[in-house]
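K.L.:
Would you be able to build a 3D model of this:
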Amino acid sequence: MIGKIRTRNRVFLAPMSGVTDEAFRQASHDTAAGLVVSEMVASEELVRQRRDMVRRALGAKKLSPFVMQLAGREAHWMAEGAKVAQDLGADIIDINMGCPARQVTGGLSGSALMRNLDHAITLVAATVGAARVPVTLKMRLGWDEKSLNAPELARRAEAAGVAMITVHGRTRCQFYTGKADWRAIRAVREAIKIPLVANGDCHSPDDARAMMQASGADAVMIGRGAYGRPWWPGVVAEALEPGSGVQHPSLAQERDVLLNQQADTLSLYGAELGNKTFRKHLGWTIARMAARRMLDAVTVQEARRNVLNERNNTLVTSSIMQLFAQVALHKEAA
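P.N.:
Purely as a prediction, here's the structure:
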């Protein structure tokens, strides 16, 4: 439960800038992710209606619950951003204090806020005060190994009215190197009573079980493990609790999810930008097929050369269908 909102299962899709746009979130939501969270939306730019931030904030009435993640460094803009988010239909507002990107931390947002907890809590209090919906918070273990202050931030955030905490099991200075420390998240579990979500290096049902056991978390959040497979959170959820997610999709179902995502991407961005935006998702799909040896090396090279460079979206669609047909043939021949 997040406030009074019940999620369908315990496996969530993490917010990822440049990845979890409305099209990707819709694909994951439709395949039973417990919760999907928007890309990071800069609060001031949202209030000022900057086009790309407004586009990141889409999903109301299509996604339920609709979760929008806000980022910022000033209490005023976080409060105003929360008001706009609600006007746009947000059911839950998530605060970003976990992004490690230099362009974000350099602006004293994201995980840079963990270097000054007094200031961080002013942003939490302003957001909670302006919100009529539950407010959640995503963070890291701390800025670096010398400042593992996630438990203190979580405790103070709970006191300020936050309804759920998500912790990525790395420090900001680790970025995405090494292995996420799931056991370190347990210190946050011991500091709060509200729901806790563990994030970082969850790629399989076994990972999810081990992560929850090590951290004491109530749920897990999958990020990079969902690259090229938006249906993966739902599959992991089903493995953890049968009936709460979806079975592993057939090849035909994978193809249809990808084609629907392509159509939604083109609708969201337009033909030219949509084509460019969708390429990374196709690239991840092809890479996953190659890793699973679903295609021979020659076919993989041809797919990367042809599909990822094609600007005609009708031909891209045809190429996707042909690619999956080749996978099916390769599977039969194996």
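K.L.:
tell me how far the ends of stretch 97-114 are from each other?
P.N.:
Length of stretch 97-114, first residue to last, C-alpha to C-alpha, to the nearest Å: 7 Å.
K.L.:
cool, stretch 208-221 as well?
P.N.:
Termini of stretch 208-221 sit 9 Å apart (C-alpha to C-alpha).
K.L.:
Please identify the buried residues of it?
P.N.:
208, 211, 212, 214, 215, 216, 217, 218, 219, 220, 221 (16 or more other C-beta atoms under 10 Å). For glycine as for every other residue, the C-beta is placed from the backbone atoms N, C-alpha and C.
K.L.:
repeat for stretch 298-309
P.N.:
299, 300, 303, 307.
K.L.:
Let me know the closest of the residues you listed to residue 129.
P.N.:
Using C-beta to C-beta, residue 307 is the member of the buried residues of stretch 298-309 that sits closest to residue 129, with 48.8 Å.
K.L.:
how close does that closest one get to residue 248?
P.N.:
23 Å (C-beta to C-beta, to the nearest Å).
K.L.:
One more: residue 43?
P.N.:
When residue 43 is compared with residue 248 (using C-beta to C-beta), they lie 38 Å apart.
K.L.:
Ok, residue 163 next?
P.N.:
Residue 163 is 32 Å from residue 248, by C-beta to C-beta.
K.L.:
So which residues of the stretch 1-150 of the chain form helices?
P.N.:
22-30, 43-47, 51-56, 75-87, 102-105, 117-130, 150-159 (DSSP state H, counting those that start in this stretch).
K.L.:
other SSEs contacting the second one?
P.N.:
Just to be clear, that refers to helix 43-47. Under the contact definition 3 or more C-beta pairs under 8 Å, 6 or more residues apart in numbering; DSSP states H and E, helix 43-47 sits against helix 51-56, strand 67-71, helix 75-87.
K.L.:
Any idea which of these gets closest to residue 325?
P.N.:
Per C-beta to C-beta, nearest to residue 325 of the helices and strands packed on helix 43-47: helix 51-56, 33.4 Å.
K.L.:
in its sheet, what does whichever strand in the chain runs longest sit against?
P.N.:
In the chain, taking DSSP state E as the definition, the longest strand is strand 35-42. Paired strands of strand 35-42, with direction, are strand 11-13 (parallel), strand 67-71 (parallel) (DSSP bridges).
K.L.:
Show me which residues of it are buried.
P.N.:
35, 36, 37, 38, 39, 40, 41, 42.
K.L.:
Now do that strand against helix 75-87, angle only.
P.N.:
Interaxial angle, strand 35-42 versus helix 75-87 (axes from the mean of the first three to the mean of the last three C-alpha atoms, to 10 degrees): 140 degrees.
K.L.:
Need the CA coordinates for strand 35-42. CSV is fine.
P.N.:
Extracted in CSV, the C-alpha atoms of strand 35-42 (Å, rounded to 0.1, in the frame of the first residue of the first chain):
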residue,chain,number,x,y,z
LEU,A,35,3.9,0.0,-10.6
VAL,A,36,5.5,2.1,-13.4
VAL,A,37,7.2,5.5,-12.7
SER,A,38,7.7,8.3,-15.2
GLU,A,39,11.1,9.6,-16.3
MET,A,40,12.5,12.3,-14.0
VAL,A,41,10.5,15.5,-14.6
ALA,A,42,12.3,18.7,-13.7
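K.L.:
ok, residue 103 - how many residues close by?
P.N.:
10 (other C-beta atoms under 10 Å).
K.L.:
got the contact list for it?
P.N.:
By C-beta atoms under 8 Å, 6 or more residues apart in numbering, no residues touch residue 103.
K.L.:
for residue 81, same thing?
P.N.:
Residue 81 touches 41, 43, 44, 46, 47, 70, 72, 127, counting by C-beta under 8 Å, 6+ apart.
K.L.:
surely the last one meets residue 94?
P.N.:
Read it as residue 127. No - between residue 127 and residue 94 there is no contact under C-beta atoms under 8 Å: 9.7 Å.
K.L.:
In this structure residue 101 contacts residue 110, no?
P.N.:
Yes - at 6.7 Å, residue 101 counts as touching residue 110 under the criterion of C-beta under 8 Å.
K.L.:
The two: who's more crowded?
P.N.:
residue 110 (26 against 15).
K.L.:
List the buried residues in stretch 10-29.
P.N.:
10-17, 19-29.
K.L.:
tell me, how many neighbours does residue 329 end up with?
P.N.:
12.
K.L.:
I meant to write residue 182 there.
P.N.:
24.
K.L.:
What of residue 273?
P.N.:
12.
K.L.:
next one: the one 4 residues further on
P.N.:
The burial count assigned to residue 277 is 19, neighbours taken as other C-beta under 10 Å.
K.L.:
who's in contact with the helix or strand that contains it?
P.N.:
Residue 277 is located in helix 271-291, with elements delineated by DSSP states H and E. For helix 271-291, contacts defined as C-beta under 8 Å, 6+ apart pick out 18-19, 21, 24, 227-229, 258, 261-262, 265-269, 295, 297, 300, 303-304, 307-308, 311, 313, 316, 320, 323, 327.
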